[in-house]
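Engineer: Could you look at this predicted model? Sequence included:
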Amino acid sequence: MRMSRLYLPTLKEIPAEAEIVSHQLMLRAGLMRSLTAGVYTYLPLGYRVIRKIEEIVRQAMDESGAQEILMPVIHTAELWKESGRWDRFGPLMIKFEDRKGREYCLGPTHEEVITDLIRDEIRSYKDLPLNLYQIQTKVRDEIRPRFGVMRGREFIMKDAYSFDRDFAGLDKSYQIMYDAYTKAFANCGLEVRAVEADTGPMGGKDSHEFMVLAEAGEDEIAFCQQCDYAANVERAEAGFKAQEDNEEMKPLEKVKTPGQKAIDDITAFLNTEAGKTIKSLGLLADGEPVLVLLRGDDQLNEIKLKNYLDVLELTPVADEDFTEYFNSVAGFIGPVGLKGVRVVADLRVKSIRNAVAGANEEDYHYLNVNPGRDFQVEEYVDLRMVRAGDRCPRCEGSLEIKSGIEVGHIFKLGTKYSESLGATYLDENGKEQVIVMGSYGIGITRLVAAAIEQHHDENGIIWPKAIAPYQVIILPLGKGKAEELAEGLYEKLKAAGIEVLIDDRDERAGVKFNDADLIGIPLRITIGSRALERGVIEAKIRRTGEQIDIPLVEAVDGVLDLLEKIE
RNA sequence: CUAGCUGUGGCGCAGUUUGGUAGCGCGCUGCCUUCGGGAGGCAGAGGCCCCGGGUUCAAAUCCCGGCAGCUAGACCA
């Protein structure tokens, strides 16, 4: 492609709206432009990268036995009501009516549509297993779209859905997708880690997220420094050993602690440490009051609690309602003497000795509170947020926490949708069985941003070769012979099947160099009189900065050889 | 949704405090010079100052009400 004709509006300055590197570079390098928050037009260079990634993903999916289809963007409300998600997904969906007043939404995901599709077609165990996928634009009215294409309201996604006879079959299908994903990301030239994840509103059993490690990531991941344990902090556990604290139990004592409500206040006031306090949180779980106990130095992981209680919503009880729900006082609530309330405690609470806890009386706390002696808890479960330095749940190693960008997510859905939508088959015995499902997503456009987050420097993008919009860029400097030779090389490389750009614009050398760096083409070939006098053309590898002279007579082969070596 | 910040040529911004001619840099067009890391000169084009209402002789500027963008939180495959 000739750059003189390429629609490539590069920017010298950073647009004010862009905060993170990938967003800035996607705008500066002329990959995309925004229409409104979270909605983008992809320009020629950007769209080429998207198509590259799509093709790599498509190949991995096809090889795994999945078959490509294309489902509608417009979904009917009745189908979503049937699955029960019309209200649950609710505000995330763009909803509208047609001229007859019938309700629709734009598809935020396609479990409903695909289940509706196959429930009519799949009748026999002979039709299973089956895996169907599509690459298509999804629409979600995100509460807060941000970071460019990282969280868009409209984005391209690859979504696949597997259908099996039973859970053993699902386990197989899931593993096949897991492997296909691993391969697809590697083929894109990205370093991606699979981590255990929460299933969220998708529902289902096991789940893994595929994370590109990057500072800009919205997710936090806990890694073991020794073994391969990795999990989203939403679900990460820490190794737990019920420690025998041999400290002698001291007698319970009530002390006046005027106005000392927060853990920090208490520890300072009583000159103790947070680990020696019991943090008591009064919450409403789908409207029902629950008292949650944690060690004072731990944070509640709300997702763990929601999953344990199997509720949708957790809200703190308002200060003035503590009397009504707990017969206690905000800031001074505690487990000792509390009656008629469900109490759930984190595992680490059980072994605390001689702790500080609220006395359920304005301006009073108890000293020397001992679980088991001073109060009883039926439900001890893992509720805390892991922290860097915690012990790994699998081995003796310790956990570290890093930011990551979720570029893929796979779920074992089980029978959630097949049951609500009635997708069944007949087994060998003619008995009706519910189809077991899995779903598997890759955020294609998000992957573009993640790739940039992982591969850039101060001069611009550094595309991995596999997803670069072009592999080679030729810069002719000056008129005459250099131009002629550049044109010749351009034609020959094209003929050899290489995707090549030639910067035939009437621009100064500096402009061409800077644009070439900015748009991140892996291999740059400069043809100018200076080197031609030595009988060579100059190659520069974008990623390493390495410069190589290629003898003019071997130009084409030299470029092809170099390309082979570049990542 | 809550809070904060911001809306002025394509992009980055100044001007708003104290109302009175709409400005700068980049980019764009033409000509000349220059030509290996975002050149220089000359001459130009391009603006409903986010929208609506109000105050005033006069509003980019003051007041009221919207809308949009960004950031943080909550939320979120």
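Structural biologist: Thanks, I have the structure now.
Engineer: List the contacts of A:Leu27.
Structural biologist: A:11, A:15, A:18, A:33, A:148 (Cβ atoms under 8 Å, 6 or more residues apart in numbering). (Glycine included, C-beta is placed from N, CA and C.)
Engineer: ok, and the most crowded of those residues?
Structural biologist: A:Gly148 (28 neighbours; other Cβ atoms under 10 Å).
Engineer: Sticking with the nearest residue to that residue once chain neighbours are set aside, tell me its helix or strand.
Structural biologist: Residue nearest to A:Gly148 in three dimensions, not counting chain neighbours: A:His23, with 3.2 Å by Cβ to Cβ, 6 or more residues apart in numbering. Element membership for A:His23 (DSSP states H and E) is helix A:21-28.
Engineer: could you give the mean pLDDT of that helix?
Structural biologist: The predicted model gives helix A:21-28 an average pLDDT of 94.
Engineer: next one: stretch A:326-337
Structural biologist: The average of the pLDDT scores along stretch A:326-337 is 89.
Engineer: Would you mark the buried spots in that stretch?
Structural biologist: By 16 or more other Cβ atoms under 10 Å, the buried positions in stretch A:326-337 come out as A:326, A:328-336.
Engineer: Then stretch A:363-380?
Structural biologist: A:364-371, A:374-375, A:377, A:380.
Engineer: mind listing the helices for the stretch 401-550 of chain A?
Structural biologist: Along the stretch 401-550 of chain A, counting by DSSP state H, counting those that start in this stretch, helices occupy A:416-421, A:444-454, A:481-495, A:509-519, A:529-532.
Engineer: Likewise for the stretch 201-350 of chain A?
Structural biologist: Applying DSSP H, counting those that start in this stretch to the stretch 201-350 of chain A gives helices spanning A:263-270, A:302-309, A:322-326.
Engineer: quick one on the thing from earlier: deepest of the helices of the stretch 401-550 of chain A, which one?
Structural biologist: Ranked by mean neighbour count, those are led by helix A:444-454 with a mean of 26 (mean count of other Cβ atoms under 10 Å).
Engineer: what packs against that helix?
Structural biologist: Helix A:444-454 makes packing contacts with helix A:21-28, helix A:44-63, strand A:154-164, strand A:207-213, strand A:399-414 when contacts are defined by 3 or more Cβ pairs under 8 Å, 6 or more residues apart in numbering; DSSP states H and E.
Engineer: TSV please, covering the ones you listed and showing distance to RNA strand B.
Structural biologist: Output for those, formatted as TSV (distance: least, Cβ to the nearest atom of the strand, whole Å):
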stretch	distance to RNA strand B
helix A:21-28	7
helix A:44-63	12
strand A:154-164	5
strand A:207-213	7
strand A:399-414	4
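Engineer: one step back: keep the contacts of A:Leu27, but drop any that are not near RNA strand B.
Structural biologist: A:11, A:15 (Cβ under 7 Å from any atom of the strand).
Engineer: quick revisit: I'd like to know which of the buried residues of stretch A:326-337 is nearest to RNA strand B.
Structural biologist: Nearest to RNA strand B among the buried residues of stretch A:326-337: A:Ala330, at 19.1 Å, using Cβ to the nearest atom of the strand.
Engineer: Quick check: nearest residue in space to that closest one, chain neighbours excluded?
Structural biologist: A:Asp319 (3.8 Å).
Engineer: Quick check: buried residues in the worst-scoring helix or strand of chain A on mean pLDDT?
Structural biologist: Ranking every helix and strand in chain A by mean pLDDT, DSSP states H and E puts strand A:314-316 at the bottom, with a mean of 81. For strand A:314-316, a neighbour-count test (16+ other Cβ under 10 Å) marks A:Leu314 as buried.
Engineer: go on, stretch A:218-225?
Structural biologist: A:219-224.
Engineer: how about those residues in a markdown table, adding pLDDT and distance to A:Ala160?
Structural biologist: Shown next, in a markdown table, are the buried residues of stretch A:218-225 (pLDDT from 0 to 100; distance: Cβ to Cβ, whole Å):
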| residue | pLDDT | distance to A:Ala160 |
| --- | --- | --- |
| A:Asp219 | 88 | 21 |
| A:Glu220 | 89 | 27 |
| A:Ile221 | 91 | 23 |
| A:Ala222 | 91 | 27 |
| A:Phe223 | 89 | 27 |
| A:Cys224 | 91 | 29 |
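Engineer: Just to be sure, A:Thr137 is in a strand?
Structural biologist: Yes: A:Thr137 forms part of a strand when assessed by DSSP: H, G, I helix; E, B strand; the rest coil.
Engineer: In contact with it: list those residues for me.
Structural biologist: Applying Cβ under 8 Å, 6+ apart, we find A:Thr137 in contact with A:73, A:154-157.
Engineer: at 7 Å instead, please
Structural biologist: A:73, A:154, A:156 (Cβ atoms under 7 Å, 6 or more residues apart in numbering).
Engineer: CA atoms of the helix or strand encompassing A:Asn368 as PDB?
Structural biologist: Per DSSP H and E, A:Asn368 falls inside strand A:364-369. What follows is strand A:364-369, C-alpha atoms only, in PDB (Å, rounded to 0.1, in the frame of the first residue of the first chain):
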ATOM      1  CA  TYR A 364     -18.300   0.500  74.400                       C
ATOM      2  CA  HIS A 365     -16.000  -2.300  73.200                       C
ATOM      3  CA  TYR A 366     -15.100  -5.700  74.700                       C
ATOM      4  CA  LEU A 367     -11.500  -6.700  75.300                       C
ATOM      5  CA  ASN A 368     -10.300 -10.300  75.400                       C
ATOM      6  CA  VAL A 369     -13.000 -11.600  73.100                       C
END
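Engineer: Show me what the next helix or strand after it is packed up against.
Structural biologist: Per DSSP H and E, the first helix or strand lying C-terminal to strand A:364-369 is strand A:379-381. When contacts are defined as 3 or more Cβ pairs under 7 Å, 6 or more residues apart in numbering; DSSP states H and E, strand A:379-381 packs onto strand A:342-346.
Engineer: got the contact list for the strand it packs on?
Structural biologist: Against strand A:342-346 from outside (Cβ under 7 Å, 6+ apart): A:290-295, A:298, A:335, A:377, A:379-384.
Engineer: Run the chain-centre distance for the following helix or strand past it.
Structural biologist: If you walk from strand A:342-346 toward the C-terminus, the next helix or strand you reach (DSSP H and E) is strand A:355-358. For strand A:355-358, the separation from the chain centroid amounts to 39 Å (computed by Cα atoms, centre = their mean, to the nearest Å).
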